[in-house]
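Q: When you get a sec, could you give me coordinates for this:
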Amino acid sequence: MKNKIIPILICIVVLFNYSCSKDFLDLQPNDQYTESALWTSAGDAQAALSGCYTDWENGWWVYYVDCASDNAFNPYPWEGFTMLGNGLLLTPNNPGDNKWKFTTIQRCNWFLAGIEKTPMDENLKKRMKAEARFLRAYRYFLMSQLYGDVPLMTTNITTELANSVARNPKAEVLKFVLDELSEISSDLPESYSGSDVGRITKGAAIALKARTELFNEKYADCISSCNAILGRYSLYNSYSDLFRPQNENNSEIILDVQNVETLDLTAGWQKDAGVMMIQTLGGWWSVDPSQSLVDTYEMKNGKTIDDRSSGYDPENPLKNRDPRLDATIIGPGSLVEGKYFDPIGDPSSLDFYGPYYYTGYADKKYVSQVSDFKDIWHTGINIPIIRYAEVLLNYAEAKIELNQIDNSVYSAINEIRLRAGMPEVDKVIYNNQTKMRELVRRERRVELAMEGLRWFDIQRWKIGKEVMNGPLYGCRLGTVDPHTGKPTFTSERIVSEHRVFNESINYLWPIPQSDIDINKNLTQNPGY
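A: Okay, here's the model as predicted:
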């Protein structure tokens with residue numbers, strides 16, 4: 001839902017203020033004013049629901065969290081993501097930008113209790129309740145994936161109870177999430193119009209259910225969920241333009257974080273554009289793609305760069321590659337706003353890779369045209385949470401894992417590849433479960449890069465020890481011709497950091513020690 005200023009919402013926000021130092025569940029006050037004054041009309045209920053939408057997800061977290069994977073590096077530890085990518089730095093006292101937060105859950109519980117007493121149209125009430133239940137389910141899905149066992153609360157509770165609850169087994173939390181998503185889907189519309197565009201839809205509930213099922217190896221259920229929405233959406237015709245603000249709410253978007261552009265400095269930063277842009281464009285360059293991610297993209301002929309017949313030229317590594325590489329990442333020699341990007345040749349340049357050890361690669365996916373934004377720090381850019389492309393990939397992966405490889409699997413993957421300007425899957429090469437698993441995992445990585453899903457892929461595929469240990473490499477050093485953009489590389493390569501991944505520990509994140517100190521019934525994840 002778009003973040004709009006509604007007079008009553010100001011009251012809601014005030015009522016949601018809390019002291020996190022006293023309560024790990026971030027409870028809001030539940031006083032007489034709240035109960036007597038806010039549930040008298042549909043407009044009041046709508047304002048309260050807006051409060052539930054307020055912080056259900058942060059758009060910037062979606063791409064920042066790729067720094068917790070082998071896709072990217074965060075050069076600024078104070079932003080809270082560097083330690084998420086380096087298991088050695090991740091501790092209960094240093095949990096990074098964690099998601100162990102119950103604010104949205106408690107807001108939804110408060111809303112669901114209050115709306116029952118509101119005199120309003122019953123069908124509208126049913127829909128609004130379904131929206132709140134989705135937002136609550138999404139938070140529980142996310143926390144259960146990151147932390148495993150999570151306190152499961154479905155009703156308003158007091159501060160005293162909040163500070164004594166224990167963690168429920170992950171299996172219970174997942175069952176709750178899947179049951180909720182199944183039950184609410186029939187109460188949600190297929191789409192909205194006008195100012196309601198961006199609210200939770202039936203497709204969002206089913207798509208999140210499919211994601212949850214895939215992430216937890218419920219492959220047959222995932223296939224069934226995907227089948228329920230296959231064909232109801234369509235891929236946008238241009239991958240490179242899909243993420244631009246003028247193309248928001250297109251046919252491919254199932255769920256996103258919606259923002260409204262504002263130049264009101266008192267409204268706070270909408271950091272989505274600025275944190276991704278390079279220094280010479282006024283940005284922070286906070287999310288730095290890795291060499292590993294760059295190497296994953298195929299050549300335009302469909303061959304991987306380690307295939308000797310692919311035509312890959314290590315001296316021109318960005319040339320003749322999968323068009324999604326150019327749409328997602330800029331590197332040495334890329335043309336950016338009329339100048340060739342050079343992070344390696346001029347130590348006096350703002351874009352030089354030191355002293356923060358930038359990887360030499362930067363984001364382009366959401367910020368391909370600076371002219372799209374009046375102010376890169378106050379933008380209205382929407383950040384996708386679920387795209388139709390992911391549903392196609394979820395379907396294909398689930399079918400492959402069950403070894404049900406048929407034409408529908410190739411068709412789903414080909415639909416994505418053809419949209420990107422890539423050739424169809426070579427069935428001669430990709431003709432068995434092992435090769436198809438390799439293909440769909442590569443497709444997920446390049447199609448969904450910088451969309452916050454790579455860490456979850458690493459988690460469920462159990463490849464952390466393989467891809468998250470050792471040096472995180474950036475580009476090779478050298479120079480870039482300022483007139484032609486041609487890079488000349490040396491044999492030396494940027495090493496942004498050395499990572500450690502302990503597979504007995506790091507597939508879950510630590511519960512913040514500050515919350516355990518408040519609630520003695522909370523237990524810590526093993527190894528932390």
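
Q: Tell me which helix or strand Ala47 sits in.
A: According to DSSP states H and E, Ala47 maps onto helix 42-53.

Q: Just the buried positions in that helix, please.
A: 44-53 (16 or more other Cβ atoms under 10 Å). For the C-beta atoms, the positions are set from N, CA and C on the backbone; glycine is no exception.

Q: for the stretch 301-450 of the chain, what spans make up the strands?
A: 329-330, 335-336, 339-340, 362-363, 383-387 (DSSP state E, counting those that start in this stretch).

Q: quick one, phi psi at Glu497?
A: phi -170, psi 170 (degrees, to the nearest 10).

Q: pull the longest helix from this structure.
A: helix 122-147 (DSSP state H).

Q: Take the buried residues of helix 42-53 and write them to a markdown table, including pLDDT.
A: Output for the buried residues of helix 42-53, formatted as a markdown table (pLDDT from 0 to 100):
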| residue | pLDDT |
| --- | --- |
| Asp44 | 94 |
| Ala45 | 96 |
| Gln46 | 95 |
| Ala47 | 94 |
| Ala48 | 95 |
| Leu49 | 96 |
| Ser50 | 94 |
| Gly51 | 92 |
| Cys52 | 95 |
| Tyr53 | 94 |
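
Q: what's the most distant pair in those?
A: Asp44 and Tyr53 (15.4 Å; Cβ to Cβ).

Q: And the residue lying closest to Gly198 once chain neighbours are set aside, how far from Ser195?
A: Distances taken as Cβ to Cβ, 6 or more residues apart in numbering put Gln258 closest to Gly198, at 4.0 Å, once the chain neighbours are dropped. To Ser195, Gln258 is 11 Å away according to Cβ to Cβ, to the nearest Å.

Q: And for Met143?
A: Counting by Cβ to Cβ, the gap from Met143 to Ser195 is 31 Å.

Q: So between these two, which is more surrounded?
A: Between Met143 and Ser195, counting by other Cβ atoms under 10 Å, Met143 is the more crowded of the two (22 against 10).

Q: So what touches stretch 178-195?
A: By Cβ atoms under 8 Å, 6 or more residues apart in numbering, the surrounding residues in contact with stretch 178-195 are 2, 4, 126-127, 129-131, 133-134, 136-137, 197-206, 208-209, 212-213, 221, 232.

Q: can you give me the end-to-end distance of it?
A: 29 Å (Cα to Cα, to the nearest Å).

Q: tell me the mean pLDDT over that stretch?
A: Across stretch 178-195, pLDDT averages out at 96.

Q: can you list the weak-confidence ranges in this protein?
A: Counting by pLDDT under 70, the ranges of the chain that qualify are 1-36, 262-271.

Q: What residue spans form the domains of it?
A: The chain breaks down into these domains under automatic domain parsing: 1-65+98-188+453-467+506-528, 277-365+469-499.

Q: can I get these in a markdown table with distance to His378?
A: Listed next are those as a markdown table, based on distance: least, Cβ to Cβ, whole Å:
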| stretch | distance to His378 |
| --- | --- |
| domain 1-65+98-188+453-467+506-528 | 12 |
| domain 277-365+469-499 | 12 |
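
Q: List just the one of these that sits closest to Thr379.
A: Counting by Cβ to Cβ, and looking across all of those, nearest comes domain 1-65+98-188+453-467+506-528 at 9.8 Å.

Q: As a check, name the ranges of all helices in the stretch 301-450 of the chain.
A: 323-328, 388-401, 407-420, 433-447 (DSSP state H, counting those that start in this stretch).

Q: Return the distance of Asp351 relative to Thr488.
A: From Asp351 to Thr488 the distance is 17 Å (Cβ to Cβ).

Q: what do you get for Ser349?
A: 16 Å.

Q: One more: Gly338?
A: For Gly338 relative to Thr488 (Cβ to Cβ), the value is 21 Å.

Q: Same check on Asn123?
A: Taking Cβ to Cβ, one finds Asn123 at 66 Å from Thr488.

Q: who's more crowded, these two?
A: Thr488 (14 against 9).

Q: Format the strands of the stretch 301-450 of the chain as TSV; extra columns: mean neighbour count and distance to Leu38.
A: Shown next, in TSV, are the strands of the stretch 301-450 of the chain (neighbours: other Cβ atoms under 10 Å; distance: least, Cβ to Cβ, whole Å):
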stretch	mean neighbour count	distance to Leu38
strand 329-330	24	47
strand 335-336	15	49
strand 339-340	16	54
strand 362-363	26	41
strand 383-387	23	28
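
Q: Output stretch 121-135 as CSV, restricted to C-alpha atoms.
A: Below are the C-alpha coordinates for stretch 121-135, written out as CSV (Å, rounded to 0.1, in the frame of the first residue of the first chain):
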residue,chain,number,x,y,z
ASP,A,121,-19.4,-3.6,5.4
GLU,A,122,-18.7,-7.2,6.2
ASN,A,123,-17.0,-8.0,2.8
LEU,A,124,-14.7,-5.1,3.2
LYS,A,125,-13.9,-6.1,6.8
LYS,A,126,-13.1,-9.6,5.6
ARG,A,127,-10.7,-8.3,3.0
MET,A,128,-9.0,-6.0,5.4
LYS,A,129,-8.6,-8.7,7.9
ALA,A,130,-7.0,-10.9,5.2
GLU,A,131,-4.5,-8.1,4.4
ALA,A,132,-3.4,-7.9,8.0
ARG,A,133,-3.2,-11.7,8.3
PHE,A,134,-0.9,-11.7,5.2
LEU,A,135,1.4,-9.0,6.7
